[in-house]
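> this one's sequence-less:
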């Protein structure tokens with residue numbers, strides 16, 4: 001009821017703006033949310049906090065979406081092979097929390113560079129203040145410290161189609177191909193080099209660096225570990241059991257691509273049967289308590305990593321999408 005009412009009111013207020021409708025589902029823009037909140041505060045005298053609760057109940061949130069379709073981009077699925085130098089691959093990166101897109105118009109090469117370029121394994125020296133990100137957008141940004149309400153991962157993939165214990169075929173048990181969640185943050189101490197080519201956005205030495213360059217991103221997940229030469233490297237454990245944060249495993253020994261839609265909500269709570277449920281769903285048990293969503297801040301970047309382990313195992317990835325919803 002609330003969501004229908006808010007949608008109707010928003011349409012009246014923002015009748016001249018292009019609203020977002022995807023799959024028949026209404027998705028308001030940040031400006032619509034602010035305008036409606038101001039209207040309700042003025043006309044009903046409800047406190048802003050109460051209006052925020054109503055918006056949360058109605059799931060009246062801002063939204064961003066990032067997607068990669070490998071058959072369209074590389075004429076076939078991405079194949080991640082176990083026991084290879086590329087058995088851990090960054091598959092997709094979200095827009096920073098609070099951003100529904102970037103101001104800069106990007107070519108296909110630039111889009112793919114943002115989506116899939118692994119950032120250098122450097123430690124985060126200093127986080128940016130919220131004001132830094134608010135200055136980069138031309139629309140209303142979140143006011144809450146932890147504004148994210150939901151993440152929806154859509155993954156279409158399969159394994160190599162054979163192998164593993166026969167009694168587990170058709171389940172997620174003993175599946176050695178899966179997807180992990182990652183997290184990156186922008187380092188306030190990073191100065192973007194005008195000649196940097198990491199973003200593929202520089203056509204001349206005099207080009208203007210992007211507002212949020214890839215070279216300023218620092219990995220939080222996967223964590224970093226020191227090497228013998230003193231440098232840092234990504235830590236990719238043998239299995240997902242180390243931290244239980246697998247977004248989704250592939251069905252064991254299936255030749256058919258399967259689309260999994262995995263929703264993480266800020267109000268999720270892990271029940272007493274979380275271990276058995278996570279095994280049944282092919283998810284990490286620590287993804288089911290909502291803590292990852294609740295911990296996200298303005299400017300955080302969510303990543304998806306594809307994994308495969310051991311010779312013969314292969315993660316075939318057709319499509320990945322990250323949808324992020326946040327309160328404004």
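Here it is on my side, so go on. Keep in mind the model is a prediction, meaning the values are calculated, not measured.

> How is the chain divided into domains?
Using automatic domain parsing, the domain parsing of the chain gives 1-60, 63-326.

> Pick the most buried one from the ones you listed.
Across the domains of the chain, the average number of neighbours (mean count of other CB atoms under 10 Å) peaks for domain 63-326, which reaches a mean of 17. Any C-beta I mention is one placed from the backbone N, CA and C, and that applies to glycine too.

> Report the separation between the two terminal residues of that domain.
6 Å (CA to CA, to the nearest Å).

> circling back to that earlier point, mean pLDDT for the domains of the chain - can I get that in CSV?
Formatted as CSV, these follow (pLDDT from 0 to 100):
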stretch, mean pLDDT
domain 1-60, 79
domain 63-326, 93
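
> Now do the strands for this protein: every range, in order, please.
20-22, 25-27, 62-69, 78-81, 88-93, 148-158, 177-186, 217-221, 224-226, 232-234, 246-249, 258-265, 301-308, 314-326 (DSSP state E).

> the inter-axis angle of the longest one versus strand 177-186?
For strand 314-326 and strand 177-186, the angle between their directions (axes from the mean of the first three to the mean of the last three CA atoms, to 10 degrees) works out to 40 degrees.

> Now do strand 314-326 against strand 258-265, angle only.
Using the same axes, to 10 degrees: strand 314-326 against strand 258-265 is 30 degrees.

> I'd like the distance from strand 314-326 to the chain centre, please.
Counting by CA atoms, centre = their mean, to the nearest Å, strand 314-326 is centred 8 Å from the centre of its parent chain.

> Provide the strand pairings for it, with the direction of each partner.
Next to strand 314-326 in the sheet, as set by DSSP bridges, lie strand 62-69 (antiparallel), strand 78-81 (antiparallel), strand 148-158 (antiparallel).

> Tabulate those strands in TSV, adding columns for distance to residue 169.
Formatted as TSV, the strands paired with strand 314-326 follow (distance: least, CB to CB, whole Å):
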stretch	distance to residue 169
strand 62-69	28
strand 78-81	21
strand 148-158	13
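
> Identify whichever of these lies nearest to residue 134.
Closest to residue 134 of the strands paired with strand 314-326 is strand 62-69 (CB to CB; 13.6 Å).

> what's the closest one in contact with?
20, 22, 27-30, 33, 91-95, 98-101, 112, 115-116, 142, 154, 318-328 (CB atoms under 8 Å, 6 or more residues apart in numbering).

> roughly how far apart are residue 276 and residue 250?
20 Å (CB to CB, to the nearest Å).

> do the same with residue 69
Distance from residue 69 to residue 250, by CB to CB: 18 Å.

> just residue 124 next, same as before
On the measure of CB to CB, residue 124 and residue 250 end up 32 Å apart.

> swap in residue 74?
Residue 74 is 19 Å from residue 250, by CB to CB.

> that older thread, and the strands paired with strand 314-326: which comes nearest residue 293?
strand 148-158 (5.3 Å).

> Tell me the gap between that closest one and the middle of its chain.
The answer for strand 148-158 is 8 Å, by CA atoms, centre = their mean.

> With stretch 84-94 instead?
For stretch 84-94, the distance to the chain centre is 14 Å (CA atoms, centre = their mean).

> tell me the angle the top helix by length along the chain makes with strand 62-69.
For the chain, the helix that runs over the most residues, judged by DSSP state H, is helix 30-44. Between helix 30-44 and strand 62-69, the angle comes out at 160 degrees (the same axes, to 10 degrees).

> Right, I'll leave it there.
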